[in-house]
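K.L.:
Just need the structure, nothing else, for what follows:
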Amino acid sequence: VQLQASGGGLVQAGGSLRLSCAASGRTFTSYRMGWFRQAPGKEREFVASITASGDSTVYADSVKGRFTISRDNAKNTVYLQMNSLKPEDTAVYYCAAREVAKVTPGYDYWGQGTQVTVSS
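P.N.:
This next block holds a predicted model:
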């Protein structure tokens, strides 16, 4: 599956952005989807994930209550709505896909990343 992330940009603290990730190549509903981020000088970290059907989500503690992951399986797209943004949310955000049938941990497919910059 190929993933294309978009929607990043520059926003002031307290503002909002919505990231999108369009998938192509294989059946979108075969994949659990996730968002990760990597800030300068830091390791990549998990942000949120959503099941193939969209009925269950998981969030990192740092974004709970501010970010919402969702998916539209008819459009082969996963979203990350980010509200109440903080300067520490500044990072390159990546979407990723993991096959539902996979038994080993980790995501196999990654998008190219989109930059989110939050100014104070």
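K.L.:
quick one, what contacts the residue nearest to Tyr31 when sequence neighbours are not counted?
P.N.:
Distances taken as Cβ to Cβ, 6 or more residues apart in numbering place Ala97 nearest to Tyr31, at 4.1 Å, with adjacent residues excluded. Quick note: C-beta positions are derived from backbone N, CA and C, even for glycine. Residues near Ala97 by Cβ atoms under 8 Å, 6 or more residues apart in numbering: 1, 3, 23, 31-34, 107-110.
K.L.:
is it true that Ala97 lies in a strand?
P.N.:
Yes. Looking at Ala97 with DSSP: H, G, I helix; E, B strand; the rest coil, it is inside a strand.
K.L.:
In TSV: the contacts of Ala97, plus secondary structure, pLDDT and distance to Gln12.
P.N.:
Formatted as TSV, the contacts of Ala97 follow (DSSP: H, G, I helix; E, B strand; the rest coil; pLDDT from 0 to 100; distance: Cβ to Cβ, whole Å):
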residue	secondary structure	pLDDT	distance to Gln12
Val1	coil	90	34
Leu3	strand	97	28
Ala23	strand	96	31
Tyr31	strand	95	34
Arg32	strand	96	33
Met33	strand	97	28
Gly34	strand	98	27
Tyr107	coil	95	31
Asp108	coil	93	36
Tyr109	strand	95	33
Trp110	strand	97	29
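K.L.:
returning to that earlier point: tell me what the residue nearest to Tyr31 is bridged to.
P.N.:
Legend: beta-bridge partners of Ala97 under DSSP bridges are Met33, Tyr109.
K.L.:
quick one: Glu45 and Arg37 touch, right?
P.N.:
Yes. Counting by Cβ atoms under 8 Å, Glu45 does reach Arg37; the two are 6.1 Å apart.
K.L.:
Who has more neighbours out of those two?
P.N.:
Using other Cβ atoms under 10 Å, the more surrounded residue of Glu45 and Arg37 is Arg37, with 24 against 12.
K.L.:
hmm, who's touching the helix or strand where the more buried one lies?
P.N.:
Element membership of Arg37, judged by DSSP states H and E, is strand 31-38. Residues from elsewhere that reach strand 31-38 (Cβ under 8 Å, 6+ apart): 1, 19, 21, 23, 44-52, 69, 71, 78, 80, 89, 91-100, 107, 109, 113, 116.
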